[in-house]
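Undergrad: model this:
(one chain, ligands or ions: 1)
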Amino acid sequence: MDRTFVVGDVHGCIDELRTLLGLLAPRPAEHLVFCGDLVDKGPDSAGVVRLVRGLRDHGQRLTLVEGNHEAKHARFRRHERTRAETGASNPVRGAEALGAITSQLDAADIAFLETAVRFERLPEHDAIVVHGGVPPSINYLPEAADLPTLPRRERERYDQLYLVRHVNADGRMVALGQEGPDDPFWTDVYDGRFGHVYFGHQPYLEAEPRRTRYATGLDLGCCFGNKLCAAVLTPEGEPEFVTVNAHRRYARAFWE
Ligand SMILES: [Mn+2]
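TA: Predicted structure coming up:
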């Protein structure tokens, strides 16, 4: 019986990822999906990219869903390319740390990061995987492969899929830190239109993933010293969850 694995935010926590992969022991034909944010915050972002790319190079069926941190690295790389011509400094926030990680990646690692998709449909589980979530204002999802071909304005709407936390009364994403007391978290208003959503992005420093009727939050804040978590989906039955305790706390959370 083939299983599908969905792994929460790794954020450079390579030791915990190795332990988790050992527990999951995916067969090559089983689908291993990372819900984004492989990189930043933790101790070895480049090592995590190399490890995950290596799995795929060795035949593992594997999908990387784009997190806001992969998106930030992609922005950084784009600016680096134009910077070579203009000599301007790289405007992406945290450019120094991004540069340090980028310098440890080879061309194949970067090519792997650029295969990241905005979301992954899991029709056999009536589910999708996104990094952040699905705001009510998004009522249609194109084929993930078609996203890059959309006009810019249309395309940028789907940036919400890796960014969203709270939404406003119009169903649109509210920027981090701008949410008011009446702006719900997106899972509280998501109606299941795309099936069950497995997501990361929002660190729940809890023992178990955060489950609502139509969504499951898999980021248990490993880089903040809590846990790395994966969902194990099978064609029948309820999902199971595998967690690995963080060896230590590697980063301070954005709310501290
Ligand atoms: Mn994250």
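Undergrad: mind checking the SS state of whichever residue of the stretch 151-256 of the chain sits closest to the ion?
TA: Ranked by Cβ to the ion, the top residue of the stretch 151-256 of the chain for proximity to the ion is residue 201, at 5.3 Å. Glycine gets a C-beta too; all of them are placed from N, C-alpha and C. The three-state assignment at residue 201 reads coil, by DSSP: H, G, I helix; E, B strand; the rest coil.
Undergrad: what's the pLDDT at it?
TA: If you check residue 201, the pLDDT there is 97.
Undergrad: How about the one 5 residues further on?
TA: We note a pLDDT of 97 for residue 206 in this prediction.
Undergrad: OK, contacts around the residue lying closest to it once chain neighbours are set aside?
TA: Among residues not flanking residue 206 along the chain, residue 220 sits closest, at 6.4 Å (Cβ to Cβ, 6 or more residues apart in numbering). Taking Cβ atoms under 8 Å, 6 or more residues apart in numbering as the criterion, residue 220 is in contact with 8, 203-207, 209, 226-229, 243.
Undergrad: swap the cut-off to 6 Å and go again
TA: 204, 226-227, 229 (Cβ atoms under 6 Å, 6 or more residues apart in numbering).
Undergrad: which helix of this protein spans the most residues?
TA: helix 68-86 (DSSP state H).
Undergrad: Pull out the buried residues from that one.
TA: 68-74, 76-77, 79 (16 or more other Cβ atoms under 10 Å).
Undergrad: Could you dump those into JSON lines and include pLDDT and distance to residue 116?
TA: As requested, the buried residues of helix 68-86 are arranged in JSON lines below (pLDDT from 0 to 100; distance: Cβ to Cβ, whole Å):
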{"residue": "68", "pLDDT": "97", "distance to residue 116": "11"}
{"residue": "69", "pLDDT": "98", "distance to residue 116": "10"}
{"residue": "70", "pLDDT": "98", "distance to residue 116": "5"}
{"residue": "71", "pLDDT": "97", "distance to residue 116": "8"}
{"residue": "72", "pLDDT": "98", "distance to residue 116": "12"}
{"residue": "73", "pLDDT": "98", "distance to residue 116": "10"}
{"residue": "74", "pLDDT": "97", "distance to residue 116": "8"}
{"residue": "76", "pLDDT": "97", "distance to residue 116": "14"}
{"residue": "77", "pLDDT": "96", "distance to residue 116": "13"}
{"residue": "79", "pLDDT": "93", "distance to residue 116": "18"}
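Undergrad: Narrow the contacts of residue 220 to those in helices?
TA: Among these, no member falls in helices (DSSP H).
Undergrad: can you give me the strands for the stretch 1-150 of the chain?
TA: Secondary structure of the stretch 1-150 of the chain by DSSP state E, counting those that start in this stretch: the strands cover 4-7, 31-34, 62-64, 119-122, 127-130.
Undergrad: Skip the chain neighbours and tell me the closest residue to residue 194.
TA: Residue 194 sits nearest to residue 128 (Cβ to Cβ, 6+ apart), 5.0 Å away.
Undergrad: And residue 197, by the same measure?
TA: residue 215 (4.5 Å).
Undergrad: Contact partners for the one you found?
TA: Applying Cβ under 6 Å, 6+ apart, the residues contacting residue 215 are 187, 190, 197.
Undergrad: repeat for residue 197
TA: Per Cβ under 6 Å, 6+ apart, neighbours of residue 197: 128, 134, 215.
Undergrad: low-scoring stretches of this structure, by residue?
TA: Nowhere does the chain drop to pLDDT under 70.
Undergrad: Enumerate the residues of it near the ion.
TA: Proximity of the chain to the ion is confined to 9, 37 under the rule Cβ under 5 Å from the ion.
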